[in-house]
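Peer 1: kindly generate the corresponding structure for this input.
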Amino acid sequence: MSQSPASNGKNGQTPSELPLAEIEAIISGSHANPFAVLGPHKSGSGIIARCFIPGAENVTVTALDGTILGELGLRHEAGFFEGPVTLTTLKPLRYRARRGDAEWALTDPYSFGPVLGPMDDYFVREGSHLRLFDKMGAHPLKHEGAEGFHFAVWAPNAKRVSVVGDFNNWDGRRHVMRLRVDTGIWEIFAPDVLPGSTYKFEIIGKDGVPLPLKADPYARRAELRPQTASLTAPELVQEWEDEAHRKFWAECDHRRQPISIYEVHAGSWRKRPDGTFLSWDELAAELIPYVTDMGFTHIEFLPITEHPFDPSWGYQTTGLYAPTARFGEPEGFARFVNGCHKVGIGVILDWVPAHFPTDAHGLREFDGTALYEHADPRQGFHPDWNTAIYNFGRIEVLSYLINNALYWAEKFHLDGLRVDAVASMLYLDYSRKEGEWVPNEYGGRENLEAVRFLQKLNSASYASHAGLMTIAEESTSWPKVSHPVHEGGLGFGFKWNMGFMHDTLSYLKREPVHRKFHHNELTFGLIYAYSENFVLPLSHDEVVHGKGSLIAKMAGDDWQKFANLRAYYAFMWGYPGKKLLFMGQEFAQWSEWSEARSLDWNLLHYHPHEGVRRLVRDLNFTYRSKPALHARDCEGEGFEWLIADDSDNSVYAWLRKAPGEKPVAVITNFTPVYRENYRVPLPKEGRWREILNTDAEIYGGSGKGNGGRVQAVSAGGTISAEVTLPPLATIMLEPET
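Peer 2: Got it, this is the predicted structure:
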C-alpha cells in the first residue's frame, strides 16, 4: 500500500489527512456515509477534495468549466486520492485521471447536493405525493451546472444502496447513494450518465449481506427479456394531437356513451413474417385502421408493462412504469396512443396492482425485508399465481401504485385502466383454506386496507383526470364496486359483468333441445343488470387454458356453431351494458388463443368467418348509431321485457329505449326452428324496420327474415306484430317513424 503526503496542492497547505480506516471503508464499500468523506469538504481555512477512482495513478482536479484546481495525492493504491484545491466555496468538481498513457475524465457525484427537498419528504411521509413518478427512479437533470441523471429509490431497511450500471462498471463503490432518513429514500445525482445506460440498484441488507441486484421499481424503460436491467430514459416527448378526443371524454357521461372495446394482446394480434413482434409504429399502421373500420370505440391492451415471462401475458410485471421493450421504446407507445386518439379510439390498459412476481431482480424483499409485500405468507403470498401480494396497509406502497395509475394517464394520455384481479384484493381468504389467512381487525374476511386503497386510487384518478375511466375485474357480488366513494362505493367507473359471461356461455354450450330447461340462465342477469355500471366481457380468460375459442364452445354442427355465435353476439350487443370482445373472436377463430403465435387471419378467406367479422362490424356501428342501444346501458329505464318467459321456444325479446329516441326491439330465437308468424308485442303501431338480422346471407346465414320490415297493429288493446324468426338468430327492429 502507498501512503504519499497529500500536501501537493497549489496553495501549499497541508490538510488533515483522512484516517486509514475510513479510506479502507470507502474502498471496501462499507462506509456508512461516503458523502461525508468524498468530494470537496472544508478543512481549516481551505477546502480539501477526496475521490475514489479505481485504476488511477494520478488525478487532477478541475472545475466544471475546466479550470485546474489542484493535483490530488494518492493515499491508497486501490485508487483513493486526497488533497487541497484552490476553492473558496464548495462547488462541483471534475477529475482528470491518468494511468500510464491512458487518461479519462469524470465528474464527482459526491460534489453535488441533494435533489429532493423537505417538501418531498413531507408529502412522501404523508402519502399525498402525487408526482412521485417525476421524483423517483432515474430522471435526466441539469443539476448545479452539470448534466446527468438523478436516481432515487425507496429502501428504508438497507444498510447501503448504490446505483450500478455500465457507466461505472457495475461497481457499487462508485455511486453510493445518500439516505434521506425521514423517508428511507436513497438518492444521488450521477453526472455524465447518458440516456440508454443500463442500471440496477446494489443493495446491502441491514445484516450486511448483499442482495441480488434490483431493477428500478420506477424505471421508465427496461431491457428486452431475458435481460433484466433498467434503462435510463429521457423525459417522454410527444407532440399530442388529441385535444378534441380528450375534451370530449372529459366532459361526457361515460355511462351514456357507446363503449365497445376490442381486447388485444399486442404481442400476438399479428406478427412479422419471421415471427418477431411488431413495433408500436407497425402496430399503429395495421391495428388502428382495423379497429376503426370494425367500429370499436376502444382498444384494451393486456398489460404492456415490462415483464420477464411471455406466457404470463404481462400479468406478472416487474416494471410497472415501463412499457415493455418487446415493441420498442416508450415513445413508440405514446405515438400509438396519439394515433388512436386522432381517429377517436380510446386506449385502455390492463393494470395489475394486486400482486407481483417473485423474480430476484423485482420487488420481492427489495431491501432485504418484506417491503412491498407482507412478511406473513398468509397475507403476502398468492397461492394461485405464486406471486407476492402488495401490502396495501403501507403508505409508501399505496403511493407507488396510485402514482403509477396517474403516470399512465398523464404521460401516455390513457383513457382507462382495467384493474385486474380485484376480487383477490378484496377478500383475505381468496383461494385460501381455513387457517391459511389472517382476519381483519373486526374478525372478518374483507381486506379493509385494499378497500381503502381502491377508494383512494379511484378518487385520485378521477380528480386528476376527468376523462379517465377505471374498470374493475371483480368476479363476486361485492356491493357498490362502481358507486362513488362518498356513497360507500369503491369508486370504479365500471365493473366487468362476469355473471353475464358465465351464464350466457353456459347456456350456449347446451344443445338447443335442452335450452328450454335453462331459460332462466339468460333472464336472471336482468335482476342485477343495473346494480353496477357493467361492461359485458367476452375476454381472453374464456379462450385459453383448454377452454377453447368461442366458436368451439357453441353447440351443434359447424353451421349451428356459427349461427349460435352470430345470434349470441347480437344478443349481447342488444343487452344493457358496454361491450368487450377479445381479438380473434370477431372472426370466429377456431383455435384456442396462444400468446406465442399470430391470430389465424387466413380464416377471413372463408365466408362463415368473414361473415362473423362483418356482423361484429355492423353490430358496432348499429350500437353506436342508435342511442336506444347505448344511452341507458347503465339505467333501468333503458330496458323493457317484451317476451321473457317463452322457454318452450327459447325466444327472448326486449325493448331498448332512450329519452327522445326511437326504441329498438331485440328478438332472439335460440333454437334451429324457423318460426313464422311469431307474435311479438311492440309499443307502437306502424311499420318497424328490420335493422339487423344475424341470419342474413352476407353474414353466412340462411337468408331467412322479414323482407326488411314488419307491421305492428293494435288488436284488443295490445299492439303486436307477426314476426318471422330465423333459426338460431337475433333480429333488431326499429319503428320507421
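Peer 1: which residue lies nearest the spatial centre of this protein?
Peer 2: W351 (3.2 Å; C-alpha atoms, centre = their mean).
Peer 1: surely that one and L414 touch.
Peer 2: No: the pair W351 / L414 is not scored as a contact, 9.3 Å apart, by C-beta atoms under 8 Å. From N, CA and C alone the C-beta is placed, and that goes for glycine too.
Peer 1: which neighbours do these two share?
Peer 2: Each of W408 lies in contact with both W351 and L414 under the rule C-beta atoms under 8 Å, 6 or more residues apart in numbering.
Peer 1: spit out the contact partners of G295.
Peer 2: When contacts are counted by C-beta under 8 Å, 6+ apart, G295 touches S260, R617, D618, L619, N620, F621, R624.
Peer 1: could you find the closest non-adjacent residue to the third one?
Peer 2: With C-beta to C-beta, 6 or more residues apart in numbering as the criterion, D618 has its nearest non-adjacent residue at 6.5 Å, and that residue is L692.
Peer 1: which residues does that neighbour bridge with?
Peer 2: Counting by DSSP bridges, L692 forms beta bridges with M732.
Peer 1: so it sits right up against V616, yeah?
Peer 2: No: counting by C-beta under 8 Å, V616 is not a contact partner of L692; they are 11.6 Å apart.
Peer 1: the two: who's more crowded?
Peer 2: V616 (27 against 22; other C-beta atoms under 10 Å).
Peer 1: so which helix or strand takes in the more buried one?
Peer 2: Under the criterion DSSP states H and E, the helix or strand holding V616 is helix 607-625.
Peer 1: show me what the next helix-or-strand element following that helix is packed against.
Peer 2: Helices and strands here follow DSSP H and E; after helix 607-625, the next one along the chain is helix 627-630. Judged by 3 or more C-beta pairs under 8 Å, 6 or more residues apart in numbering; DSSP states H and E, the packing partners of helix 627-630 are helix 607-625.
Peer 1: please name every helix or strand in contact with the helix it packs on.
Peer 2: Checking 3+ C-beta pairs under 8 Å, 6+ apart, helix 607-625 ends up next to strand 260-264, helix 280-294, helix 558-574, helix 627-630, strand 686-693.
Peer 1: next, the angle from it to strand 686-693.
Peer 2: With axes from the mean of the first three to the mean of the last three C-alpha atoms, to 10 degrees defining the directions, helix 607-625 sits at 130 degrees from strand 686-693.
Peer 1: tell me how far helix 607-625 is from the chain's mean position?
Peer 2: A distance of 29 Å separates the centroid of the chain from that of helix 607-625, by C-alpha atoms, centre = their mean, to the nearest Å.
Peer 1: now swap in stretch 572-580 and tell me
Peer 2: Computed by C-alpha atoms, centre = their mean, the chain-centroid distance of stretch 572-580 equals 24 Å.
Peer 1: and for stretch 531-550?
Peer 2: 19 Å.
Peer 1: if we can go back for a sec, of all the helices and strands packed on helix 607-625, which lies closest to E241?
Peer 2: In terms of C-beta to C-beta, the element of the helices and strands packed on helix 607-625 nearest to E241 is helix 280-294, at 13.3 Å.
Peer 1: could you tell me the angle between that closest one and helix 607-625?
Peer 2: Using the same axes, to 10 degrees: helix 280-294 against helix 607-625 is 80 degrees.
Peer 1: how about helix 280-294: buried residues?
Peer 2: The neighbour-count check on helix 280-294 (16 or more other C-beta atoms under 10 Å) flags W280, E282, L283, A284, L287, I288, V291, M294 as buried.
Peer 1: now do that helix, average pLDDT.
Peer 2: For helix 280-294, mean pLDDT rounds to 98.
Peer 1: quick check: next helix or strand after that helix?
Peer 2: Next helix or strand after helix 280-294 toward the C-terminus (DSSP H and E): strand 298-301.
Peer 1: now the element after that next one, going C-ward?
Peer 2: Criterion used, DSSP H and E; the element after strand 298-301 is strand 305-306.
Peer 1: any chance you could list what contacts that following strand?
Peer 2: Strand 305-306 is contacted by residues 219, 222, 314, 317-325, 352 when judged by C-beta under 8 Å, 6+ apart.
Peer 1: run the last query once more with 6 Å
Peer 2: A222, T317, T318, G319, L320, A322, T324 (C-beta atoms under 6 Å, 6 or more residues apart in numbering).
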